[in-house]
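Undergrad: What follows is a predicted structure for the sequence shown.
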Amino acid sequence: MNELIPAFSFQRVFVEPWTQPGGGFIWIALMGFFVTAACGLVGNYLILRRMALVGDAISHSVLPGIVIAFLLAKSRNSMAMFVGALAAGGLTTVIIETIHKRSRVKQDAAIGIAFTSLFALGVILISLFASKVDLDQECVLYGEIAFVPLEEIVRIGGLGLGPLPVVRMAAVTLVVALLVILFYKELLVSSFDPALAVSLGINSSLVHYGLMAMLSVVVVSAFEAVGAILVVAMLILPGATASLLSQRLPLMLGLTVLHAALSAVLGLHLGVWLNCSIAGAMVVAGTGLFCLVWVAGLFKWYAVRSSNRVVGNKSGGGVSDLLNSST
């Protein structure tokens, strides 16, 4: 048991990460927060539209885009990789919509066809052209958020803003938040009732493709740190947890950001304690928050049901006594 779960030390788990020179763990926590917040904000609308698996499709289909960008650029330049992955994400959206709207194939089946085919294509391209380069499926699937502090520091003048992935993810999160605020009405109406959106003069198709483009940018920006598999959980968990606490979308969006902050901090400490993948620990922490809210909701539902049953029994007894007394 001791080998499976390391001994817990409050000093090592909760104090040292925030007091180490260089602040490496601070950048890891910030990266986790920005990734989860951006994914969660977009994920709320995916859940409302019942399109949660689109995030899974895009996160897997970036692999061939990365490989093709590497072959064209002849280097592992992060910007070339980003553009290639983004193009692959956009292509995935177009393929899904084309198969769904131009055939009798349902949307979930179209998603499965698109992402499995493109991911398999990426695996083949790696095995043929990049097998001897440090570019593999594992780095895309799992990522490594612990390497974020080692990346190049972005500087403006003499001021260091932080590691490049953190600054880029912070910018993406800010843009996502601004777009959600600016196009709140369009996203809300088109997500709940596309027919009403058309009657109000809102182009539902344009909103849909805009949301898919935003999703592609978020997924591509996040997968370098948390990987394609973990980013799917971060797209769904914050919104799913928020939906258990409220049915009002503005409050759900706020709760999503709170869930992102708690997942990042708790996951960081869990990863340090267990000496495991910090990104994976953040997802486990987010799942723990979801389970906590879900269980609390079950207890509340049971309490309300029991209360209603007691009130009903009392009411029934009163009517019965009244009938008996009248006879």
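TA: Great, that's in hand. Numbers count the residues shown, from 1 in each chain.
Undergrad: For the rest of this, base every contact and every neighbour count on C-alpha atoms.
TA: Fine.
Undergrad: residue contacts, Ala225?
TA: Listed by C-alpha atoms under 8 Å, 6 or more residues apart in numbering, the contact partners of Ala225 are Met31, Gly143, Glu144, Ile145, Ala146, Phe147, Val148, Pro165, Ala279.
Undergrad: Now name the helix or strand holding it.
TA: Assignment of secondary structure by DSSP states H and E places Ala225 within helix 204-245.
Undergrad: Check Val167 too.
TA: Assigned by DSSP H and E, Val167 belongs to helix 164-182.
Undergrad: Any idea how far that helix is from the middle of the chain?
TA: With C-alpha atoms, centre = their mean, to the nearest Å as the basis, helix 164-182 stands 14 Å off its chain's centre.
Undergrad: tilt between that helix and helix 204-245?
TA: 100 degrees (axes from the mean of the first three to the mean of the last three C-alpha atoms, to 10 degrees).
Undergrad: Any regions of this structure where pLDDT drops low?
TA: Counting by pLDDT under 70, the chain contains low-confidence ranges at 1-3, 22, 75-78, 130-143, 224, 228-229, 311-327.
Undergrad: all helices of it, in order?
TA: In the chain, the segments counted as helices under DSSP state H are 10, 16-19, 24-48, 52-73, 78-101, 107-129, 137-142, 164-182, 184-192, 194-199, 204-245, 249-274, 278-326.
Undergrad: To Val154, which of those lies closest?
TA: Using C-alpha to C-alpha as the measure, helix 164-182 is the one of those that comes nearest Val154, at 5.6 Å.
Undergrad: any residues touching that closest one, and which ones?
TA: With C-alpha under 8 Å, 6+ apart as the test, helix 164-182 has contacts from 27, 30-31, 34-35, 37-38, 41-42, 148, 151-154, 161, 187, 214, 217-218, 221-222, 225.
Undergrad: can the helices of the chain go into CSV with extra columns for distance to Leu4?
TA: Converted to CSV, these look like this (distance: least, C-alpha to C-alpha, whole Å):
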stretch, distance to Leu4
helix 10, 18
helix 16-19, 22
helix 24-48, 24
helix 52-73, 31
helix 78-101, 37
helix 107-129, 33
helix 137-142, 22
helix 164-182, 32
helix 184-192, 45
helix 194-199, 51
helix 204-245, 23
helix 249-274, 9
helix 278-326, 15
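Undergrad: residues contacting Pro17?
TA: Neighbouring residues of Pro17 by C-alpha under 8 Å, 6+ apart: Gly23, Gly24, Phe25, Ile26.
Undergrad: Mark which of those residues are buried, thanks.
TA: Gly24, Phe25, Ile26 (16 or more other C-alpha atoms under 10 Å).
Undergrad: Now do the same contact list for the closest residue to the first one other than its chain neighbours.
TA: Read it as Gly24. Nearest residue to Gly24 in three dimensions, chain neighbours excluded: Pro149, at 5.3 Å (C-alpha to C-alpha, 6 or more residues apart in numbering). Going by C-alpha under 8 Å, 6+ apart, Pro149 touches Gly24, Phe25, Trp27, Ile28, Pro163.
Undergrad: So Pro149 versus Gly297, what's the distance?
TA: Separation of Pro149 from Gly297 (C-alpha to C-alpha, to the nearest Å) stands at 39 Å.
Undergrad: quick revisit: list only buried entries from the contacts of Ala225.
TA: So, by 16+ other C-alpha under 10 Å, the buried ones in the contacts of Ala225 are Met31, Gly143, Glu144, Ile145, Ala146, Val148, Pro165, Ala279.
Undergrad: Identify the farthest-apart pair in these.
TA: Taking C-alpha to C-alpha as the measure, the buried ones among the contacts of Ala225 reach their widest spread between Pro165 and Ala279, a distance of 14.5 Å.
Undergrad: tell me, what residue is most central in the protein?
TA: Nearest to the centroid of the C-alpha atoms of the chain, with distances taken as C-alpha atoms, centre = their mean, sits Leu235, at 2.1 Å.
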